[in-house]
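Participant: With the sequence up front, the predicted model follows.
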Amino acid sequence: MDVPSVLIIDDDPSLLQALPQTLYLRMRDIEVATCDAAQTALVLIQERDYDAIVSDIKMPGMDGLELLERVRELRPDTPVLLITGHGDYDLAIRALRGGAYDYIQKPIDRDSFIAALQRAIQTRRLRRRVTEQHVALALHAKSLEQLVERRTSELVQANAIKDKFLKVVSHELQVPLTNLIGMTQLLRQQLEHPENTGTVKQGLYEMEHSLQRTAVLVQDLLDTSLMETNMFVLNRERCNLVELCRNMLREYTAGAGPTLASETLGDPVEVEADSDRITEVLMNLLSNARKFSPKGSPITVTVRRSGYDAIIDVRDEGIGIPDEALPHIFEQFYRVPGTHIQDGVRAGLGLGLYVAHKIVERHGGHIEVQSVPGEGSVFSVVLPLCIDQAAENTSGSERVPSEQSAWTIVH
Ligand code: ADP
């Protein structure tokens, strides 16, 4: 701890000499400064923050009471002890009323002088510590306040996103459900007339379509929530992407909707993947390709190896995506503004590509996109090849170029 410092002011030279001596004798560590006039004392007090000030009350020029008043303004926390004449109770009371810490009567009793001074020094130190703690508390309170402000604004933002999310989701789910209800009522009526089998068939097809759409929405929502909560699990196994695409596209074109116009099977392309999840990604890209290209236009899917990568391209001849929208299409809820969608198909939630790119990233790959407005888009899913195929591909690529597989569907 610092050595306490005391300033003694007295116009009586003998006292000004005796008091410091007493202090040095009785208190082990103490620093004592002296001066014989209040004016000079004020200069010293301005320069230094003493632990205590001892001053005679009666002095020529500025007296002790006035000095006390000035010290209270300059250093309100510094205790001031005033020395009064014997029996000068009036002055002592005025001193205390003026804010003096204590008064010492002449002739000075050394023990009580030392005791009073020690109390004063102790008080000053405690006050200083309290001030420091106040400052530290104020700083802490300020940083807490900032933290609360930041968290509140994060919560407000999160809440706004959630509100938007709920609004979009309920709207998106309501539309296919209303369709389905209308369609079932219509079909029930049609069934009463056996000659209407064709209408019933078409109705069932549309119902299936609405149900599929709803299933995709629900799947996207589920995947998003699993990803947000870090609970998304992949079941990866070695799989051949050519087979995966062939099975998926055959199933995709089995119904009354899009048809398979051509199929070329090339070399196997093997990856470590969760085939259900990769199928989900490709279904999403296919469904976008259909949504954003005119009826009757071809959609091509190709699978090939390139270096260490397996690449699946989904190419459409649709409306394309403007350059300024490209950096955003993998964001949650993003839909290119003003996009015109093929008749009878509604816009999605803007979650499909977000989920797709997350799934591919979790496989150690990525999705690339090239698009020309008015001409069409190519979405390329790039996945790491299985190690042995990658090695074979890089070392033997010059001699045996891997043959790509390709499918064309028309919708
Ligand atoms: P959505 O469910 O709206 O299709 P996605 O996340 O799958 O959401 O796609 C985001 C947006 O990117 C779409 O709303 C659309 O504006 C644009 N988009 C995606 N795929 C294509 C595509 N093949 N052609 C043109 N625009 C596309």
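Facilitator: Structure received.

Participant: can you list the residues of the stretch 151-300 of the chain near the ligand?
Facilitator: For the stretch 151-300 of the chain, the contact set with the ligand under Cβ under 6 Å from any ligand atom comprises Asn284, Asn288, Ala289, Phe292. Using the backbone N, CA and C atoms, a C-beta is placed for each residue, glycine as well.

Participant: Pretty sure the third one sits in a helix.
Facilitator: It stands for Ala289. Yes - counting by DSSP: H, G, I helix; E, B strand; the rest coil, Ala289 is located in a helix.

Participant: Count the neighbours of the closest residue in space to it that isn't next to it in sequence for me.
Facilitator: Distances taken as Cβ to Cβ, 6 or more residues apart in numbering place Asp316 nearest to Ala289, at 3.8 Å, with adjacent residues excluded. Other residues within reach of Asp316, judged by other Cβ atoms under 10 Å, total 26.

Participant: Got the confidence number for Asp316?
Facilitator: In this model, Asp316 is scored at 98, pLDDT.

Participant: next one: Ser210
Facilitator: 81.

Participant: circling back to that earlier point, of the residues of the stretch 151-300 of the chain next to the ligand - the most surrounded one?
Facilitator: Most crowded among these, counting by other Cβ under 10 Å, is Ala289 at 26 neighbours.

Participant: Could you pull up the residues touching it?
Facilitator: Ala289 sits next to Ile299, Val314, Arg315, Asp316, Gly318, Ser377, Phe379 when contact means Cβ atoms under 8 Å, 6 or more residues apart in numbering.

Participant: Contacts only, for the residue in the stretch 251-400 of the chain that the ligand sits nearest to.
Facilitator: Nearest residue of the stretch 251-400 of the chain to the ligand, counting by Cβ to the nearest ligand atom: Gly348, 2.0 Å away. Going by Cβ under 8 Å, 6+ apart, Gly348 touches Glu172, Val216, Leu217, Asp220, Lys291, Arg335.

Participant: What's the local residue count around the fourth one?
Facilitator: By that I understand Asp220. Using other Cβ under 10 Å, the number of residues around Asp220 comes to 23.

Participant: Given the strand or helix carrying Val6, what are its sheet partners and their directions?
Facilitator: Using DSSP states H and E, Val6 maps to strand 5-9. Using DSSP bridges, the strands paired with strand 5-9 in its sheet are strand 31-35 (parallel), strand 52-56 (parallel).

Participant: Among these, which comes closest to the ligand?
Facilitator: strand 52-56 (74.7 Å).

Participant: Export that closest one to CSV, keeping only CA atoms.
Facilitator: Extracted in CSV, the C-alpha atoms of strand 52-56 (Å, rounded to 0.1, in the frame of the first residue of the first chain):
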residue,chain,number,x,y,z
ALA,A,52,-5.4,14.2,5.2
ILE,A,53,-5.0,17.9,5.9
VAL,A,54,-4.3,19.3,9.3
SER,A,55,-4.6,23.1,9.7
ASP,A,56,-4.6,25.7,12.4
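
Participant: pLDDT averaged over that strand - what is it?
Facilitator: 97.

Participant: Ok, stretch 295-311 next?
Facilitator: Mean pLDDT, stretch 295-311: 95.

Participant: first vs last residue of it, how far apart are they?
Facilitator: 26 Å (Cα to Cα, to the nearest Å).

Participant: buried stuff in it?
Facilitator: Pro298, Ile299, Thr300, Val301, Thr302, Val303, Arg304, Arg305, Asp309, Ala310, Ile311 (16 or more other Cβ atoms under 10 Å).

Participant: got a markdown table for those residues, with secondary structure too?
Facilitator: Formatted as a markdown table, those follow (three-state DSSP):
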| residue | secondary structure |
| --- | --- |
| Pro298 | strand |
| Ile299 | strand |
| Thr300 | strand |
| Val301 | strand |
| Thr302 | strand |
| Val303 | strand |
| Arg304 | strand |
| Arg305 | strand |
| Asp309 | strand |
| Ala310 | strand |
| Ile311 | strand |
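
Participant: Max pairwise distance over those: which two?
Facilitator: The most widely separated members of the buried residues of stretch 295-311, counting by Cβ to Cβ, are Pro298 and Asp309 (24.9 Å).

Participant: circling back: would you turn the strands paired with strand 5-9 into JSON lines with distance to the ligand and mean neighbour count?
Facilitator: Shown next, in JSON lines, are the strands paired with strand 5-9 (distance: least, Cβ to the nearest ligand atom, whole Å; neighbours: other Cβ atoms under 10 Å):
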{"stretch": "strand 31-35", "distance to the ligand": "76", "mean neighbour count": "17"}
{"stretch": "strand 52-56", "distance to the ligand": "75", "mean neighbour count": "25"}
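
Participant: can I get the ones you listed in CSV with distance to Gln105?
Facilitator: Formatted as CSV, these follow (distance: least, Cβ to Cβ, whole Å):
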stretch, distance to Gln105
strand 31-35, 20
strand 52-56, 12
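
Participant: before we move on, back to that, out of the contacts of Gly348, which is most surrounded?
Facilitator: For the contacts of Gly348, neighbours tallied by other Cβ under 10 Å; top is Asp220, 23 neighbours.

Participant: Where does it sit: helix, strand or coil?
Facilitator: Under three-state DSSP, Asp220 falls in the helix class.

Participant: tally of neighbours for the closest residue to it other than its chain neighbours?
Facilitator: Distance criterion Cβ to Cβ, 6+ apart; nearest residue to Asp220, sequence neighbours excluded, is Leu351 at 4.2 Å. Around Leu351 there are 25 other residues, counting by other Cβ under 10 Å.
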